[in-house]
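Undergrad: sequence first, then the predicted structure:
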Amino acid sequence: MGLDERKKKVLAAIVNDYVFTAEPVGSRTIARKYNLGVSPATIRNEMADLEELGYIEQPHTSAGRIPSNRGYRYYVDCLMERYCLTLQEREYIQERFAQKMNEIEDLINRSTNLLSLMAHQTAVILAPSVGRSTFHRIQLLLLEPTKALMVLVTNARAVEHQVLDIHPGITEHDLERVSRVLNSKLKGLALEQLRQDTFDEILSELSFHKKLAGTVLEVLEHLTSDYGGDNRVFLGGTLNILNQPEFKDIAKIKNLLAILEEGKVLRNLLEHPGNVGLNIRIGGENNHEGISGCSLVTSTYQLDGQLLGTVGLIGPTRMDYAKAISLVEFVAAALSRAIKQMI
């Protein structure tokens, strides 16, 4: 059954009021604040219909009503008005991204803190996976007679460092030559798509340094096969969600904190956003009991069309969805531009 215009207006009023007051909403409140042109009695009848249809529900101790997950979903899909960031908000974000940073992790960490500050929710960002990135540059540096440092830089400026055991006779000149060959053969290739025939070609060209080249290639192979599941989730503003009235229950707080700190559930949600671009998961749509009382608003960020990661806000289902969507999309776009400028 579809909703007629009056029911839509009543539902929108309930969602908007509850989002900003965290108090169940009654018919008199709607009649007084939202100028629907009908009496409280008429609004009560509409609310009874909305409750029967599953769009609103009654808390145990209140005469008012609150939106259900179904009500929030209908509101987001059909009733919500788009929030446009103010000029001050846009300029504030742009100024923070204009500050120079050389490491992708520093950029993501700053983005997470900025997003949580602006939204007053908990921000989450999935960093780019090294295994899914494109090879940009490798450098081998002599540390001591039997140790070398391998520095791998991807197209997303993700940097990996690895100390290698090397033969005592290896010189800086040898390391530079191996680096040149690796860069010429691998630059621009997706790390997860490196093939054995590419490795064989490199080993053939570096036959006089076959052991050193083999050691480096083993590390690259490890990154491509194992690193993809370990891409890091950055959190910012954890206290923002814990300060919400929905999370005053100690058991709920402990459960939510465990999920946020362990990261596996969030990583899985962020790695599989559903669609490229904007995604909104409300309550049980997150498919995990521990965050069934939360909503997750995410947007992907990318480099030259390649998906790098996901930017998101997690908060109670009683979330200002319009503002959350605008902030997440704006920060994701700013992060994409900032990464491109770092390359």
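TA: On my side now, so go ahead.
Undergrad: domains of this protein?
TA: 5-79, 87-127+232-342, 131-229 (automatic domain parsing).
Undergrad: what's the helix or strand of the chain with the lowest mean pLDDT packed up against?
TA: Lowest by mean pLDDT, DSSP states H and E among the helices and strands of the chain is helix 210-226, with a mean of 76. Helices and strands touching helix 210-226, by 3 or more C-beta pairs under 8 Å, 6 or more residues apart in numbering; DSSP states H and E, are strand 147-154, strand 159-165, helix 172-186, helix 196-205. The way it works is simple: take the backbone N, C-alpha and C, and place the C-beta from them, glycine included.
Undergrad: other residues contacting the third one?
TA: Helix 172-186 is contacted by residues 135, 137-142, 148, 194, 198, 201-202, 205-206, 209, 212-213, 216 when judged by C-beta atoms under 8 Å, 6 or more residues apart in numbering.
Undergrad: what inclination does it have with respect to strand 159-165?
TA: 130 degrees (axes from the mean of the first three to the mean of the last three C-alpha atoms, to 10 degrees).
Undergrad: quick one: mean pLDDT for helix 172-186?
TA: Here helix 172-186 scores 88 as its mean pLDDT.
Undergrad: so for it, what gets flagged as buried?
TA: By neighbour count on 16 or more other C-beta atoms under 10 Å, the buried set for helix 172-186 is 174-175, 177-179, 181-182, 185-186.
Undergrad: what does the last one give?
TA: Of the residues in helix 196-205, 199, 202 count as buried by neighbour count, 16+ other C-beta under 10 Å.
Undergrad: can you get me the centre-to-centre distance for that helix and its chain?
TA: 37 Å (C-alpha atoms, centre = their mean, to the nearest Å).
Undergrad: likewise stretch 147-165?
TA: In terms of C-alpha atoms, centre = their mean, the centre of stretch 147-165 is found 25 Å from the chain centre.
Undergrad: tally up the residues packed near the residue lying closest to Ser39 once chain neighbours are set aside, please.
TA: Leaving aside its chain neighbours, Ser39 sits nearest to Ala31 (6.7 Å; criterion: C-beta to C-beta, 6 or more residues apart in numbering). Number of residues near Ala31 (other C-beta atoms under 10 Å) recorded here: 19.
Undergrad: if we can go back for a sec, which of the contacts of helix 172-186 are buried, as a PyMOL select command?
TA: A single PyMOL command selects the buried members of those (16+ other C-beta under 10 Å):
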select buried, resi 135+138+140+142+148+194+202+206+209+212+213+216
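Undergrad: next one: phi and psi at Gly54?
TA: Backbone torsions for Gly54, taken as degrees, to the nearest 10, come to phi 90, psi 10.
Undergrad: do you know how far it is from Thr122?
TA: Per C-beta to C-beta, to the nearest Å, Gly54 is found 28 Å from Thr122.
Undergrad: out of these two, which sits in the busier spot?
TA: Thr122 (26 against 12).
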